[in-house]
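**Student:** just coords:
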């Protein structure tokens, strides 16, 4: 394991992880699914800052995963109401919070195919705080209406639903999701971006209060925790991410990694 | 562990176990529930004779029980169609094969209370060969109609049912159960008992062919297997039964047990 | 997350009238905790057994702690009928919700999955159905004329059991007794007594982890050496045959049972 | 009961057109067996992943072995989209039954319990429902105006996975990967490859037994050292990052994929 370079510039992934860690709040249990390195970073960061709380379950990890009942335990645990925060993304996300992890175009012969819905068709309904994240903020990804609803952002009142989206974090900004109004509200704009740019690059309509602030960058202590404590833990399941973002490799001795 | 006395007279329990072992037939898996020492003896005897086949699962045993998934595995296994033979008894058993493991008289304030239905309300329906046994053969136990049906002997054709009773073994005789006719047929009379006595002591009507034979006693090889190989295994979960019937105690050294 | 606590403290969450779930005899019964509850005078329990019980239910019933019993069977096994259960039933003083083993297992698994009900085969034509209006028959939507029974989930307030060991993070080694995990997953609160404290973390070793209930699900752990006595603990110790014989003798009458409670519960005597 | 058999022999029960169930990447994927199936030229598989897949599904799809795929997702994780899955889907040559992870888990558990269907929360309002006419919405009989989805059981012909070890009785140590037990319970026939043979009986030691799938459920076992390669085997070895990078490069085109098959499947090369 290597220590990272403490003085280098803030990376976008670090900002996003910090924003997400703040969104996690004071909860008991955060779970992170497959292929989610930035949310994993955020969850581990929240745990470091909370002195061991919340519990963090990284689905693909052996170390950061207390489950002993096999793959079903994550979903049963959510069904029991014991998962407070989860993360979802989408090939497309629309203004009603619907997410598409399946395809664009005709489902049976699509123009674009995504991997599939994973656990979204269930977890989106039963985890109280689902944080959506998508690093590509464009009219291609944030659309008026998704081509395939892997999981809907809201449900009619008579449909049993204890969870749903609370926020959407992109490379340009953070939105809050208003469940009653069933739409997003711009929350903060990341440094170097503007409201105008966000309006231009977002395919759906959203609420935009007059006084939008800039997304705060992580403070030095947070950044130090992330780079020195969290990053080495990521290498177990996201070795390429850990190397690219934090210059860390699990396969190489520390001195080599420092030179990378 | 002790060896038993090889030359003593045949005990009733040994005869019944031998009859039940013959009924088990050539199957893959026999399971035995709680408080069933004679069926347990029969199942282990069948396995000894079959050179390791059938698999035998004694619900209360650690040793003779391959289940590693907890108490539900027996029932799941049966639901998968992987249990071929099971044993049930009843405080009352009636001529339609209905069994009562609950109570006699008004259910909420009964004259007689039995322990409860155990797994009968499920296993009777899904195990192809259920062997009923009841050592007390009397008009008190074998009744025209049970006071409480823990599990019915037969079901209407449209009710999904892959199992049910095939036989009833008592201290006086063995009955076969005819599912199409929904009634018992006397199969053989145990040594020392008569058809007339059985008619007199049975509370329900049953088919009685003209040529009823005597229940064959176990041969010397079977008896030797039962006393020397099976009996010591029983002491794990039925220490009192093993001591009373076979003179075997797991808690005492062999020499002492032989003297008991 | 669980901390190791003194027994009475660990049991404090078990309030009068709660829905208390306990496992069958061979899975690890918290008998020392049961005696502590009787000493404390817990009342009005809705006791659910997963799926049967022996001495534990008999003691709690005899001591007047139970209002409602949901079970597939209460029996002392080889020793015969459970005396105080039988007496309470024939006296008409105990409300019972009759069940059958796989139905109780399935209902706990439904709670574990967060589903409101689960179907189960069998049951149709049993008088259990007439005594369980909450078990409903529907037509299987995937077949023609195929009635099937639905069971509502059982969500206990408290799960209570005994296991071989736990660590300081509240992880509990349950081995093959997987229903103890289901019990904990289904319950709002889980209290465990254990034989010994395991130094180190049970989840750190993949072999031990395979048989471990994570501390995440465990609210309190207390050390209770020979805590299942006089019942057996799987792979650790057998039942105390002599004591159970003594129990059967004494518990045959209300007076004898009262003396048993005095000698072995209130006086805290043990073998 | 399983005997230890040569790999190709152990796989003989996997016939063309069968319903083949396989686990997710982190649970133990039988990759050496998968390569053997491709060499043998198995066709028309109905492949069900519990609940997702990566290289295994991509290889089988690319090699033309799969007619129908039932999955929650096929992805190469950090390496990106699964190239042959994506190509087959956009070409319209692969029939897919879309699912979501807990629905596949629940459907296998229904088969394990011998129940024809199981309810699950969520799902309502998802387009998964329009593509899965076999998922039916009913009114929860235990509540007012509470729609809930039912899923039919999935009963595979064959379950195939890779595990750390087995003994001569066919008992297989699966550790925390409990879904492998569900897979075996649900399937008519279970075939397992393992890293090593365990001398002695896995059920004899209570600690090992807690993580063991009994041989009763296992029809064939074959030894395949590094049998999950280039995928990881939990607690044993990590994924071969370099090889997966190489795979992604080659499998980006049909020609590159054909060369990959030639070099790493038909030529039986390994790292």
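**Tutor:** Arrived safely. Everything numeric in this text was worked out from a predicted model, so none of it was measured.
**Student:** excluding chain neighbours, what is closest to residue 99?
**Tutor:** Went with chain A since none was named. Nearest non-adjacent residue to residue A:99, counting by Cβ to Cβ, 6 or more residues apart in numbering or on different chains: residue A:90, 3.5 Å away. All C-beta spots, glycine's among them, are computed from the backbone N, C-alpha and C.
**Student:** my bad, the chain I had in mind was chain C
**Tutor:** In space, residue C:99 is closest to residue C:72, 5.0 Å off (Cβ to Cβ, 6+ apart).
**Student:** just the helices in the stretch 101-250 of chain C please.
**Tutor:** For the stretch 101-250 of chain C, helices defined by DSSP state H, counting those that start in this stretch occupy the ranges C:101-113, C:128-131, C:179-186, C:206-209, C:241-250.
**Student:** could these go into TSV alongside mean pLDDT?
**Tutor:** Shown next, in TSV, are the helices of the stretch 101-250 of chain C (pLDDT from 0 to 100):
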stretch	mean pLDDT
helix C:101-113	98
helix C:128-131	97
helix C:179-186	98
helix C:206-209	96
helix C:241-250	97
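**Student:** residues from chain C in reach of chain A?
**Tutor:** Residues of chain C lying close to chain A by Cβ under 8 Å from any Cβ of the partner chain are C:111-115, C:171, C:181, C:185-186, C:203, C:209-217.
**Student:** roughly how far apart are residue C:244 and residue C:79?
**Tutor:** Separation of residue C:244 from residue C:79 (Cβ to Cβ, to the nearest Å) stands at 5 Å.
**Student:** so residue A:107 makes contact with residue A:148?
**Tutor:** Yes: if you go by Cβ atoms under 8 Å, residue A:107 and residue A:148 touch, sitting 6.2 Å apart.
**Student:** enumerate every residue touching residue 129.
**Tutor:** Just going to use chain A. Contact analysis of residue A:129 by Cβ atoms under 8 Å, 6 or more residues apart in numbering or on different chains lists A:23-25, A:27, A:84-86, A:163, A:166.
**Student:** wrong chain, I was asking about chain C
**Tutor:** Each residue near residue C:129 by Cβ under 8 Å, 6+ apart is listed here: C:123, C:135, C:137, C:149.
**Student:** before we move on, what about residue C:101?
**Tutor:** When contacts are counted by Cβ under 8 Å, 6+ apart, residue C:101 is found next to B:71, B:75, B:118-119, B:122, C:51-52, C:72-73.
**Student:** find the nearest non-adjacent residue to residue A:178, please.
**Tutor:** Closest residue in space to residue A:178, ignoring its immediate chain neighbours: residue A:185 at 5.6 Å, by Cβ to Cβ, 6+ apart.
**Student:** neighbours around that neighbour, how many?
**Tutor:** For residue A:185, the neighbour count with other Cβ atoms under 10 Å in any protein chain shown is 15.
**Student:** partners of it in the sheet?
**Tutor:** In this entry, residue A:185 is beta-bridged to residue A:176, residue A:207, by DSSP bridges.
**Student:** now it: how far from chain D?
**Tutor:** Distance, residue A:185 to chain D, using Cβ to the nearest Cβ, to the nearest Å: 22 Å.
**Student:** residues contacting whichever residue of chain C sits closest to chain A?
**Tutor:** Closest residue of chain C to chain A, Cβ to the nearest Cβ: residue C:114 (2.3 Å). Neighbour list for residue C:114: A:76, A:78-81, A:126, D:121 [criterion: Cβ under 8 Å, 6+ apart].
**Student:** any low-confidence regions in the chain?
**Tutor:** With no chain named, the answer covers chain A. Residues of chain A meeting the criterion pLDDT under 70: A:1-7, A:250-260.
**Student:** correction: the question concerned chain C.
**Tutor:** Residue ranges of chain C with pLDDT under 70: C:1-2, C:268-271.
**Student:** quick check: residues of it near chain D?
**Tutor:** With Cβ under 8 Å from any Cβ as the criterion, chain C meets chain D at residues C:106, C:113-121, C:136, C:138, C:140-143, C:146, C:148, C:150, C:152, C:174-176, C:206-211, C:234-235.
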